[in-house]
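J.: I'll drop the sequence and a predicted model, then ask my questions.
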Protein chains: 2
Amino acid sequence: LGLRGDSVHLGDDAAVLQPFAGEVVVSVDTAVLGLHLDADLFPLEDFGYKAVASALSDLAAMGAWPRAVVIGVTAPEGTDLEAVYRGVADAERDTDCPVVGGDLARGSELTLSVTVLGQCPGGGAVRRDRARAGDALVVTGPLGRAAAGLRRRREGAVLSDELVTAQRRPWPCLREGLAARGAGVHAMMDLSDGLGLDLHRMADASGVGFALDWVPVAQGASYDEAVSGGEDYELLIATDDPERLAMVFLDRGLDEPLVIGRVVADAATRTLRGEPFARRGWQHRL
Amino acid sequence: LGLRGDSVHLGDDAAVLQPFAGEVVVSVDTAVLGLHLDADLFPLEDFGYKAVASALSDLAAMGAWPRAVVIGVTAPEGTDLEAVYRGVADAERDTDCPVVGGDLARGSELTLSVTVLGQCPGGGAVRRDRARAGDALVVTGPLGRAAAGLRRRREGAVLSDELVTAQRRPWPCLREGLAARGAGVHAMMDLSDGLGLDLHRMADASGVGFALDWVPVAQGASYDEAVSGGEDYELLIATDDPERLAMVFLDRGLDEPLVIGRVVADAATRTLRGEPFARRGWQHRL
């Protein structure tokens, strides 16, 4: 793997990183070719890119700053690993987070197990279980782009199509997550499995309900893709001060966050414009 | 996975750990059932145990103190994951290092990608590339037990046989590694692939040669198993003060380390009692 970084010892039993500031945030995501990427539709570069970007999204969701990525790889003989690593290197470059370690073993299928390490200077990693009644519910952008891109690719759209690119090269909202933590939001998570599933998860974890006013559907996407398509990696945020959040975002050059509804105390209330908002979304096949 | 730890947030996008003291040391090891464990000879519990213990050995080799383990799992439908996790929990208990995160995806074979995080209070993680001419070469124990145990198991020995246990339940030398770092040793690595390969690696990395006086062969093991069997996870250490190292070890209730030879300046000198000591050992099949 393309190791780099002046604070890293290479070629040793383990990588050594300069001390972290504050809490250490860690998460692992495993991507399986075929399950997490259709190799008939997308090049192997995208498999490497998505594995790293989606893992980093879990740090964004905590408001953590990424410090390092390590990757365990299994691959059948003859796999074009250079292509996979090119995608990994693209994700390193785009997120400015170095891959500091890796391990390769022969396996019957291509898998990438990506562990991400982040830090929270000043503490206060944002959890998903602290949404409070009265909080505004906010998302960092319109939804459904990734699912629309997958549909368009299946229909024959080129890889450079804007929506197809949103599917191939998801953008972890690292700066948005940091800004939200700085703005003192109550709860946060990423929408990797779609609003229709992840909003329920936040409500379940927090012991609350919600009343949505609208679902922001991205241009070119359908309502269903916005609700249950998944893989958008926008952030879902609960905050009692959405004005402050918007100010902090604009101050940092980020897109204005979108208020989509509010948290309610009754955990059984799960509505969109007063109608039931059912739990549905992208479920991993396991 | 058996998540635990009072400093960890569970059920969130990522685990949050209290700040680390000093440098952060990180490594990943991927174990593939069939490649790293013969499921006809050993129960799945051992697969979980060995994956965690061998990954932690990489922290021992740096003199780092383990803080956390995260595991990415791929498994075919119907895998007895409970058995795997029991082995993981055994390793957690034996090493006092919590598994703080995991991810499970369906795959065509059982793989465990184990990332280990450690800390080095006071700094100075020990590298393998700093052995100096004149240093004593030291190992933390006699060699060949794991390979002998694999042979004995193939010959029909029971799982509780002492050598078979050394193969099934390798012991990462975490306390020895910490003690060695505290004693100011120059270079260190674990002997996961056998002295016949790993000593050459240390010499290559350090740009030096070596002159061995003897190879400590464990009771019940053959010379070949001691040199090239691998999976012992004893530590190989280069130090200019072996007396101090022995004193620190004994002071901490650890077995006395064994001086096996010395480092020489000429990188082409690689000898055992004056005869060439060839490079050979357990090579991963990829």
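T.: Arrived safely, thanks for sending. Numbers count the residues shown, from 1 in each chain, chains lettered A, B, ... in the order given.

J.: CA only for contacts and neighbour counts going forward, please
T.: Will do.

J.: Who are the contact partners of the nearest residue to A:Trp214 once chain neighbours are set aside?
T.: Spatial nearest neighbour of A:Trp214, excluding adjacent residues (C-alpha to C-alpha, 6 or more residues apart in numbering or on different chains): A:Ile260 at 5.5 Å. Contacts for A:Ile260 (C-alpha atoms under 8 Å, 6 or more residues apart in numbering or on different chains) come out as A:Ala136, A:Leu137, A:Val138, A:Val139, A:Leu212, A:Asp213, A:Trp214, A:Val215, A:Pro216.

J.: A:Asp129 now?
T.: Here A:Asp129 is in contact with A:Ala187, A:Met202, A:Ala203, A:Asp204, A:Ala205, A:Ser206, A:Gly207, B:Asp12 (C-alpha under 8 Å, 6+ apart).

J.: Any figure for the gap between the closest residue to the fifth one other than its chain neighbours and A:Met62?
T.: If you skip the residues right next to it in sequence, A:Ala205 has A:Asp129 as its closest partner in space, 4.6 Å away by C-alpha to C-alpha, 6+ apart. Look at A:Asp129 and A:Met62: by C-alpha to C-alpha, to the nearest Å, they are 12 Å apart.

J.: Same list, the contacts of A:Asp129, but as JSON lines with neighbour count and secondary structure please.
T.: Converted to JSON lines, the contacts of A:Asp129 look like this (neighbours: other C-alpha atoms under 10 Å in any protein chain shown; DSSP: H, G, I helix; E, B strand; the rest coil):
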{"residue": "A:Ala187", "neighbour count": "25", "secondary structure": "strand"}
{"residue": "A:Met202", "neighbour count": "25", "secondary structure": "helix"}
{"residue": "A:Ala203", "neighbour count": "24", "secondary structure": "helix"}
{"residue": "A:Asp204", "neighbour count": "16", "secondary structure": "helix"}
{"residue": "A:Ala205", "neighbour count": "16", "secondary structure": "helix"}
{"residue": "A:Ser206", "neighbour count": "20", "secondary structure": "helix"}
{"residue": "A:Gly207", "neighbour count": "18", "secondary structure": "coil"}
{"residue": "B:Asp12", "neighbour count": "22", "secondary structure": "coil"}
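
J.: Need the max-distance pair from those.
T.: A:Gly207 and B:Asp12 (14.4 Å; C-alpha to C-alpha).

J.: Now the residue nearest to A:Trp214. Its backbone dihedrals?
T.: Dihedral pair for A:Ile260: phi -110, psi -10, per degrees, to the nearest 10.

J.: ok, now how distant is it from A:Thr269?
T.: Look at A:Ile260 and A:Thr269: by C-alpha to C-alpha, they are 15 Å apart.

J.: buried residues in stretch A:257-268?
T.: For stretch A:257-268, a neighbour-count test (16 or more other C-alpha atoms under 10 Å in any protein chain shown) marks A:Pro257, A:Leu258, A:Val259, A:Ile260, A:Gly261, A:Arg262, A:Val263, A:Val264, A:Ala265, A:Ala267 as buried.

J.: Next, format these as TSV and append pLDDT.
T.: TSV is the format used below for the buried residues of stretch A:257-268 (pLDDT from 0 to 100):
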residue	pLDDT
A:Pro257	97
A:Leu258	98
A:Val259	98
A:Ile260	98
A:Gly261	98
A:Arg262	98
A:Val263	98
A:Val264	98
A:Ala265	98
A:Ala267	97
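
J.: Thank you, goodbye.
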